[in-house]
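> Whatever this is, show me its structure:
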Amino acid sequence: MPEPAPGLAPAGAFVTRFAPSPTGYLHLGHAYSALKAHDAALEAGGQLILRIEDIDQTRARPAFEAALYDDLAWLGLSWPQPVRRQSEHMADYHAALARLEGLGLIYRCFRTRAELVQAVLSAPHGPQAQVFRGAPLPMAQEAERLARGEAYAWRLSLERARAHLGADYERLRLVETGDAPGTPKGPITARPDRLGDIVLARKDVGVAYHLAVVVDDALQGISHVIRGADLVEAAHIQRLLQALLGLPTPVYRHHRLLMGPDGKRLAKRNGAPALRDLRMAGETVQSVRGRLAALDVA
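Prediction:
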């Protein structure tokens, strides 16, 4: 693995991050999460880092990235430079993927989306599991499909990961300190099986979220991951990747997801107001904070 990035907080310091994807304009839900991380760092006398998670170059847009810098600065946030942009560090993620391949922990999966859905629905535990568990193809069959140029994804084999870690697999722990409803607090046992054999890389994206984020958090010295409750389950599989790659494990703090007046989650697809539109309409940072405070207790 590469060396940690220079110029960041020393070991033992409180370091958190806000890591948006520039695939749209930031909205009130983003502001809530960004301010949660900012305020936590301020209270702890620590540091907030901005990371641009733009590995999906099919959806990321420079205009959205430029706009998010303006929105975050308007909210009163500041961050150390340079900002880490995932698209500029693919070698780091490929090195981690190569390490997992060298350990025999990943395999090529040639299944189409339709085949994956059918595999989940026909699993022994029924469709309620909603996770995929696969296995490598026989070498000759895999070689034939590669020769035909068929697309594939690299998947993490939970079966091989369990065998690699032995008894330590069942002892994987993480610390959760969030306020999301239904989320247990304190040291909890990691349950990576909940997500099945996740995709770590594919042709169209190059590397998947889970692998990129654990590499980034380690390189940037992130001590506390503060994010929405929609990523609670992600912490479990990320804890496994940290163990397999020998990376440190941050403290996790998952906050509740804000709902709009219509009872739907504040999200772009649900019409959440964009920060740039609120700013142009004359809203102030104080009024945005007031909106968020009202939604936080709704």
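> Which pLDDT value goes with Asp204?
As predicted, Asp204 sits at a pLDDT of 69.
> I meant Ala9, not that one.
42.
> Okay, now the unreliable bits of this protein?
1-12, 117-130, 204, 261-263, 266-271, 297-298 (pLDDT under 70).
> Was I right to think Ile198 contacts His210?
Yes: here Ile198 reaches His210: they are 5.8 Å apart, a contact under C-beta atoms under 8 Å. To be clear about C-beta, it is placed using only N, CA and C from the backbone, and glycine gets the same treatment.
> neighbour count winner among the two?
In this view Ile198 and His210 are compared by other C-beta atoms under 10 Å, and Ile198 has more residues nearby, 22 against 18.
> picking that back up, show me the common contact partners of Ile198 and His210, please.
Common neighbours of Ile198 and His210, counting by C-beta atoms under 8 Å, 6 or more residues apart in numbering, are Ile237.
> Look at Tyr107 and tell me its secondary structure.
With DSSP: H, G, I helix; E, B strand; the rest coil as the basis, Tyr107 sits in strand.
> From what I see, Gln238 and Val213 are in contact.
Yes: applying C-beta under 8 Å, one finds Gln238 in contact with Val213, separated by 6.6 Å.
> So for those two, which residue has more residues nearby?
Under the criterion of other C-beta under 10 Å, the comparison of Gln238 against Val213 puts Gln238 first, with 27 against 24.
> and the more buried one, what does it touch?
Applying C-beta under 8 Å, 6+ apart, the residues near Gln238 are 210, 213-214.
> Please identify which helix or strand holds it.
According to DSSP states H and E, Gln238 maps onto helix 232-245.
> Return the set of buried residues in that helix.
232, 234-245 (16 or more other C-beta atoms under 10 Å).
> Might you calculate how far the lengthiest helix in the chain sits from the centre of the chain?
Criterion DSSP state H: the longest helix present in the chain is helix 28-44. Relative to its chain's centre, helix 28-44 lies at 17 Å (C-alpha atoms, centre = their mean, to the nearest Å).
> contact partners of it?
Residues outside helix 28-44 that contact it (C-beta under 8 Å, 6+ apart): 14-18, 20, 26, 46-48, 71-72, 75-77, 224, 226-228, 253, 255, 257-258, 265-267, 272-273, 275, 278, 288-289, 291-292, 295-296.
> Tell me the secondary structure at Leu72.
helix.
> again but with His164, I slipped
helix.
> same thing with the one 4 residues further on?
Classification of Asp168 into helix, strand or coil gives helix, according to three-state DSSP.
> the helices in the stretch 101-250 of the chain, which residues?
With DSSP state H, counting those that start in this stretch, the ranges of helices along the stretch 101-250 of the chain come out as 113-121, 139-147, 158-165, 209-219, 232-245.
> Let me have these in CSV, extended by distance to Glu283.
CSV is the format used below for the helices of the stretch 101-250 of the chain (distance: least, C-beta to C-beta, whole Å):
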stretch, distance to Glu283
helix 113-121, 41
helix 139-147, 54
helix 158-165, 47
helix 209-219, 31
helix 232-245, 31
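> Ok, which of the ones you listed comes nearest Arg194?
Among the helices of the stretch 101-250 of the chain, helix 232-245 comes nearest to Arg194, with 5.6 Å by C-beta to C-beta.
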